[in-house]
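Colleague: Please find the sequence and the predicted model below.
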Amino acid sequence: MKPAGSWLGKCYPYHKAGTKWAGGWCDGNGPNWQYWGYVNCSGNTRYFGPHRWAGDRRGSYATCPAGRSYKSGGVYSGWVR
C-alpha cells in the first residue's frame with residue numbers, strides 16, 4: 001500500500017506569558033512537511049527547537065538561555081526534502 005502524500009495543515013504557535021520559551025505544532029502528514037519552534041531573544045539572537053514532521057503533536061519548542069530575555073516566538077513550517 002502506498003503511503004499518503006505529505007501535506008501541511010494549520011499551525012498552532014504557543015507562548016505562555018512570563019516565560020522565556022515558545023514554539024508550537026502543525027497539523028498535517030510528514031515526512032516532507034515539517035515544522036520547528038523558535039524564539040527571538042534579546043541581543044538579536046534566535047534559537048530553534050527540533051524539526052518535527054507535520055502532524056507530530058509533541059510540538060517543537062525553544063527557550064532563551066540565561067542572560068537573554070524573550071522578545072517573540074512561534075513556529076515555522078516548510079517543505080524539507
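Modeller: Sure, I can see it. Residues are numbered from 1 along each chain as shown.

Colleague: Can you tell me the SS state at the most centrally placed residue in the chain?
Modeller: The structure's the chain has its C-alpha centroid closest to G37; by CA atoms, centre = their mean the separation is 2.2 Å. Following DSSP: H, G, I helix; E, B strand; the rest coil, G37 is assigned to strand.

Colleague: Could you pull up the residues touching the residue nearest to it when sequence neighbours are not counted?
Modeller: Computed as CB to CB, 6 or more residues apart in numbering, the closest residue to G37 that is not its neighbour in sequence is G23, at 2.4 Å. Backbone N, C-alpha and C define where each C-beta goes, glycine included. Listed by CB atoms under 8 Å, 6 or more residues apart in numbering, the contact set of G23 reads 13-15, 36-39, 49, 59-62, 73-75.

Colleague: in stretch 73-81, what counts as buried?
Modeller: For stretch 73-81, a neighbour-count test (16 or more other CB atoms under 10 Å) marks 73-77 as buried.

Colleague: can you tell me the average pLDDT over that stretch?
Modeller: The average pLDDT for stretch 73-81 rounds to 94.

Colleague: CA atoms only for that stretch, dumped as PDB, please.
Modeller: Taking C-alpha atoms only, stretch 73-81 is exported to PDB below (Å, rounded to 0.1, in the frame of the first residue of the first chain):
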ATOM      1  CA  GLY A  73       8.400  33.300  19.200                       C
ATOM      2  CA  GLY A  74       6.300  30.800  17.400                       C
ATOM      3  CA  VAL A  75       6.500  28.000  14.900                       C
ATOM      4  CA  TYR A  76       7.900  27.900  11.300                       C
ATOM      5  CA  SER A  77       6.900  25.300   8.800                       C
ATOM      6  CA  GLY A  78       8.400  24.300   5.500                       C
ATOM      7  CA  TRP A  79       8.900  21.600   2.800                       C
ATOM      8  CA  VAL A  80      12.100  19.500   3.600                       C
ATOM      9  CA  ARG A  81      13.500  17.100   1.100                       C
END
